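Participant: With the input below, show me the fold.
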Amino acid sequence: MKSAYRKISGVRDLTGGTRWYLSEDCLLAAKRMMYAVEYRRFYLRDLESIVVWPRRLWLLRLILPGLLLAALGAWLWVLVSSTVGAIFGGLCLAWVTWELALGPTAGSRIRTTGASVDLPLVKRTRRARKVLAKIDEAIRAARGITEHPTAAVTSSQSAEPSVQTSSEATPAAASIADATQTNGS
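Facilitator: Numbering: from 1, shown residues only. Just a heads-up that it's a prediction; the model follows:
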């Protein structure tokens, strides 16, 4: 029998990670912490917004190991041999190039009718559009909306989420893509 949930994203960390599943009526987060799994269910009809932003600390992932490898390479160049130093210098260059190619790490916040939860939806911001498009499609299907948004979200928009009161917009007609903003993807 095929499961009603399909995996849309997964974010790993040292103690476990979070896997995201999507069904016809809800978004499920399975957060693993060592040997325990905590499940959080977000009903699609209750979702108000999902915001994904680039974290500032991703530069530390780029700079600190790069500087350590460069310093180790320079030290080995002088003390051991130029070949060993060049190897570590190449590792430094490869690390910096790899981190720049992957782009910034992402933070995310899911806002529903009753709560606001900070859970990692994607590891890097470059993948956020793809995951958010799947969630938006499921929300449109759950709410019975057939129209598509006319304007795409651009990275030049402000990083602050827009605040809407209940009199400004009806939640049944609002699209999650309209309320979601991604920067740097």
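
Participant: How far off centre is the one helix or strand residue 51 maps to?
Facilitator: For residue 51, the element it lies in under DSSP states H and E is strand 47-54. Strand 47-54 sits 9 Å away from the centroid of its parent chain (CA atoms, centre = their mean, to the nearest Å).

Participant: So for the helix or strand just after it, mean pLDDT?
Facilitator: For strand 47-54, the following helix or strand on the C-terminal side (DSSP H and E) is helix 58-79. Helix 58-79 carries an average pLDDT of 83.

Participant: Please list the outside residues in contact with helix 58-79.
Facilitator: Helix 58-79 is contacted by residues 84-89, 91-92, 95-96, 99-100, 103-105 when judged by CB atoms under 8 Å, 6 or more residues apart in numbering. C-beta here means a position set from N, CA and C on the backbone, and glycine is covered the same way.

Participant: In three-state terms, how would residue 106 be classified?
Facilitator: Here residue 106 is recorded as strand under DSSP: H, G, I helix; E, B strand; the rest coil.

Participant: Stretch 117-131 spans what distance, first to last residue?
Facilitator: 17 Å (CA to CA, to the nearest Å).

Participant: now stretch 116-136
Facilitator: 18 Å.

Participant: now swap in stretch 105-122 and tell me
Facilitator: Start and end residues of stretch 105-122 are separated by 8 Å (CA to CA).

Participant: Equivalent analysis for stretch 75-84, please.
Facilitator: 10 Å.

Participant: Name the residues of that stretch that are buried.
Facilitator: Neighbour-count burial for stretch 75-84 flags 76, 77 (criterion: 16 or more other CB atoms under 10 Å).

Participant: three-state assignment of the most centrally placed residue in the chain?
Facilitator: By CA atoms, centre = their mean, the chain has its centre lying nearest to residue 122, at 2.6 Å. Assigned by three-state DSSP, the conformation of residue 122 is coil.
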